[in-house]
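In: here is the input, now give the coordinates:
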Amino acid sequence: MLARLAKLPFRLKIFLTVASVIVLALTATASAMLIRENASYRNAKYKELQAVADVLAANTAAAVVFEDVQAAEQTLAGIRSVADLAHGEIRLANGRTFVRFETALASDKKDGRMHVSAPIRVDGRPIGAVILEAVDDDLDKMRLEGVVIGGFISLVALILSLVLSSVSIRIVTKPLNDVATAMVHAGREKDYTARLARTTNDEIGLLVDSFNSMLAEVKDRDEELRLHKINLEHTVEQRTKELREAVDALVLAKDKAEAASIAKSQFLASMSHEIRTPMNGVMGMAELLLRMPLEPDVKRQVGTIHECAVTLITIINEIMDFSKIEAGQLELERIAFSLRATCDYVYSLFHETAKGKGLDLTVEVAADAYDDLIGDPTRLRQIMINLTQNAIKFTNEGAVTIRVWDEAPEKDGARGRRHTSELRIAICDTGIGIPQAKLSEIFSAFTQVDQSTTRKFGGTGLGLTIVRRLAQAMGGDVSVESEEGVGSTFTVAIPFARGVKRQASEERASAPTIGGIRREFVGTKVLVVEDNAINYSYVSACLTEFGCTFEWAKNGQIALDMLEADEFDIVLMDGSMPVMDGYEASRALRERGDLGRDGERLVIVALTAHATGADALKSIEVGMDDYISKPFTVELLAGVLRKWAKAKSEDQARAAS
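Out: Purely as a prediction, here's the structure:
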């Protein structure tokens, strides 16, 4: 009921409320008046009947005293005409009825009878009583008439009240209805210009004024929002345009930077190739001359040429490596290599130089150091070469020692097998040392201890920076301990994964041997694919010393034709050549299925001036078996031949024939 009432219009709610109040008020008023009239009528009739009883008591006193029944009956007969009288009697003091009478109304069984009594006294002494009984039929009629008249009056009053209240409600609710209609219109149409007229000076008038003020504020704010939206759209459009232009500029700058980076990389690769190619000839020929019996002065001069060439290629390597590191283009290999073979290679590069300065160069590899590692041997060699070269350069007397050990060695009887070697390499020298105040600066780019060091010993100041960057790129680091005038110790810590152990014969075959190369590969037939005549001259001189037979192909296409017509044991393949480069030629050979002289797989060794890990990986991907970066030493070339060729000494070849 209340829920339905809550859904009715406000005006109807007020009307029903007022009507209910009026009905209740009229009902209560009519009921009160009817009750009052009934009570007044009954009281008047009671007084009238009591007066009759009093008169009758006074008139019948003598008859009672003298027990004159006839006189008493005559007196009672005189009141029979009293309206609504049903019964009357005179009762003596002892309770005996002296005289009585009844009218026709005595047989009426209706309720609502009225009883009165009056005492009969003689000299103040009661001797009996007059008792009268009357019916109130006229009271019921009067009640009915009162209800009818009261109902009619109430109905008329109700109608008039409802009409008046309806008019009043309309007067009161019309402004509220106007406000509600205006609010709905403003909310639906978003029209805040409409205003309501104030028709009263009461609270409703105040409500109308407040509503008009609210509409004005909403209109002003709506206008502000509209203007702000326009300004915001314009600002967003402007910022979007600026952002788009900035993005376009950034994209253009990025494209230019990427193009410049690619051009730089291509330039560095090209320069590396173009510089390493002639440097390989210079260093190689100088090394071959140093291996020959020469006059002391001539040998010293050739040694100077070789040392200058090594210094120059070191500087070139440092500049190129630093450029790659700074550009984030450093590439690391992950291949199997021998730790001891790497140490032997570093020793082979510097033992002559150290010997020339009167220094004792030694390599100490711990017996329990795991040898077969997986990682980037080229970068490890580069770290060891840089540190060893610095140690020799800054040491005038004494010794340079390379110590290698494993912080996690594989011990006999250990359960399971470790998968990682914590390699430590310490390069110790008895050189000039480094002041303590300078130790924190030596790994910064283009930094040396002082300018006098640069003037006396030379260098770019990039070597130690590159060493640390390379070690960190491989997951390790470099530390230094030094005392001025006593010497320095640089310690490299790098983790390497452990590979599968090789047999001792394989280890010997993969390790370059110092000396004892002469005439070791008699009977080995080699095809040298090289477009540079100087490099070919150096390689051919090495192969001649090794006892190999060889032929020359100036590009990949010629090599394919020669391999189709003849058989070789090993192909030394340059990478960059005209007509057909070494990579394309190697891929074609593998697709064609060419075999070596023994009917087994033809061995192809990359012999290129490109010096990045990506080039080594590319060589393996096209089917090459090994990789040598120019410039290379005689020992390095011999080590590769020893690894792949079926070496025969000159005596063995002669005995076989």
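In: how many neighbouring residues does Asp581 have?
Out: For Asp581, the neighbour count with other C-beta atoms under 10 Å is 19. Heads up, the C-betas are built off the backbone N, CA and C, glycines and all.
In: is it true that it touches Gly575?
Out: Yes - Asp581 is within contact range of Gly575, at 6.2 Å (criterion: C-beta atoms under 8 Å).
In: sheet partners, orientation included, of the strand or helix carrying Ala129?
Out: Ala129 belongs to strand 125-135 when assigned by DSSP states H and E. Using DSSP bridges, the strands paired with strand 125-135 in its sheet are strand 85-92 (antiparallel), strand 113-122 (antiparallel).
In: beyond it, next helix or strand please.
Out: Helices and strands here follow DSSP H and E; after strand 125-135, the next one along the chain is helix 137-189.
In: next one: that next one to chain centre, how far?
Out: In this view, helix 137-189 has its centroid 69 Å away from the chain centroid, taken as C-alpha atoms, centre = their mean, to the nearest Å.
In: what angle separates that helix from strand 113-122?
Out: 140 degrees (axes from the mean of the first three to the mean of the last three C-alpha atoms, to 10 degrees).
In: name the helices or strands packed onto helix 137-189?
Out: With contacts defined as 3 or more C-beta pairs under 8 Å, 6 or more residues apart in numbering; DSSP states H and E, the packing partners of helix 137-189 are helix 10-59, helix 203-290.
In: got the angle for the first one vs strand 113-122?
Out: In this case it means helix 10-59. Using the same axes, to 10 degrees, the direction of helix 10-59 lies 30 degrees away from that of strand 113-122.
In: so where do the strands sit in the stretch 351-500 of the chain?
Out: If DSSP state E, counting those that start in this stretch is used as the criterion, the strands of the stretch 351-500 of the chain fall at 360-365, 372-375, 399-406, 420-429, 477-483, 487-498.
In: which of those sits closest to Ser540?
Out: Ser540 lies closest, by C-beta to C-beta, to one member of those: strand 360-365, at 30.5 Å.
In: who's in contact with that closest one?
Out: Applying C-beta atoms under 8 Å, 6 or more residues apart in numbering, the contact partners of strand 360-365 are 339-340, 343-344, 346-347, 350-351, 354-355, 388, 392, 398-405.
In: filter the residues you listed down to the buried ones.
Out: By neighbour count, with 16 or more other C-beta atoms under 10 Å, these hold 339-340, 343-344, 346-347, 350-351, 354, 388, 392, 400-405 as buried.
In: check which helix or strand covers Tyr538.
Out: Following DSSP H and E, one finds Tyr538 within helix 533-546.
In: I'd like the next helix or strand past that helix.
Out: strand 549-553.
In: which residues touch whatever helix or strand comes next after that following strand?
Out: Per DSSP H and E, the first helix or strand lying C-terminal to strand 549-553 is helix 556-565. Contacts with helix 556-565, where a contact means C-beta under 8 Å, 6+ apart, come from 527, 529, 551, 553, 571, 573, 577, 579-582, 584-585, 588-589, 592, 594, 602.
In: number of nearby residues for Trp552?
Out: Neighbour count for Trp552, taken as other C-beta under 10 Å: 16.
In: helix, strand or coil for the nearest residue to it once chain neighbours are set aside?
Out: Closest residue to Trp552 apart from its sequence neighbours, by C-beta to C-beta, 6 or more residues apart in numbering: Val528 at 5.3 Å. Classification of Val528 using DSSP: H, G, I helix; E, B strand; the rest coil returns strand.
In: wait, Val528 sits on Tyr538?
Out: No - counting by C-beta under 8 Å, Val528 does not reach Tyr538; the two are 10.3 Å apart.
In: what's the burial count for Gly582?
Out: As a burial measure, Gly582 scores 27 neighbours (other C-beta under 10 Å).
In: run a quick check on His185 versus Ala194, I expect a contact.
Out: Yes - counting by C-beta under 8 Å, His185 sits close enough to Ala194 to count as a contact (6.6 Å).
In: would you mind measuring from the closest residue to Thr395 other than its chain neighbours to Gly485?
Out: Of all residues not flanking Thr395 in the chain, Gly431 sits nearest, at 3.5 Å (C-beta to C-beta, 6+ apart). Separation of Gly431 from Gly485 (C-beta to C-beta, to the nearest Å): 9 Å.
In: what stretches of the stretch 51-200 of the chain score poorly on pLDDT?
Out: The stretch 51-200 of the chain contains residues with pLDDT under 70 at 81, 83, 104-112, 136-143, 172, 189, 192.
In: now the end-to-end length of stretch 547-563.
Out: Criterion C-alpha to C-alpha, to the nearest Å; first-to-last residue distance in stretch 547-563 is 21 Å.
In: and it, which residues are buried?
Out: Buried residues in stretch 547-563, counted by 16+ other C-beta under 10 Å: 547-548, 550, 552-560, 562-563.
In: how far off centre is that stretch?
Out: Taking C-alpha atoms, centre = their mean, one finds the center of stretch 547-563 at 59 Å from the center of the full chain.
In: ok, now how distant is Asp574 from Trp644?
Out: Relative to Trp644, Asp574 is positioned 17 Å away (C-beta to C-beta).
In: what about those two, which has more around it?
Out: It is Asp574, of Asp574 and Trp644, that has more neighbours when counted by other C-beta under 10 Å, with 29 against 19.
In: residue closest to the middle of this protein?
Out: Nearest to the geometric centre of the chain sits Val247, at 24.3 Å (C-alpha atoms, centre = their mean).
In: measure that residue to Val236 for me?
Out: According to C-beta to C-beta, Val247 stands 15 Å off from Val236.
In: swap in Thr491?
Out: Using C-beta to C-beta, Thr491 is found at 60 Å from Val236.
In: buried ones in the strand holding Ala129?
Out: Buried, per 16+ other C-beta under 10 Å, within strand 125-135: 127-135.
In: quick one: those residues as a markdown table, columns for distance to Thr465 too.
Out: Listed next are the buried residues of strand 125-135 as a markdown table, based on distance: C-beta to C-beta, whole Å:
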| residue | distance to Thr465 |
| --- | --- |
| Ile127 | 154 |
| Gly128 | 151 |
| Ala129 | 146 |
| Val130 | 148 |
| Ile131 | 144 |
| Leu132 | 144 |
| Glu133 | 141 |
| Ala134 | 139 |
| Val135 | 137 |
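In: count of neighbours near Glu37?
Out: That count, for Glu37 with other C-beta under 10 Å as the rule, works out to 16.
In: surely it is in contact with Val147?
Out: No - at 10.6 Å, Glu37 does not count as touching Val147 under the criterion of C-beta under 8 Å.
In: neighbour count winner among Thr491 and Val236?
Out: A direct count of neighbours by other C-beta under 10 Å for Thr491 and Val236 places Thr491 higher, at 16 against 11.
In: in the stretch 301-450 of the chain, which spans are helices?
Out: All helices of the stretch 301-450 of the chain, identified by DSSP state H, counting those that start in this stretch, fall at 339-356, 377-393.
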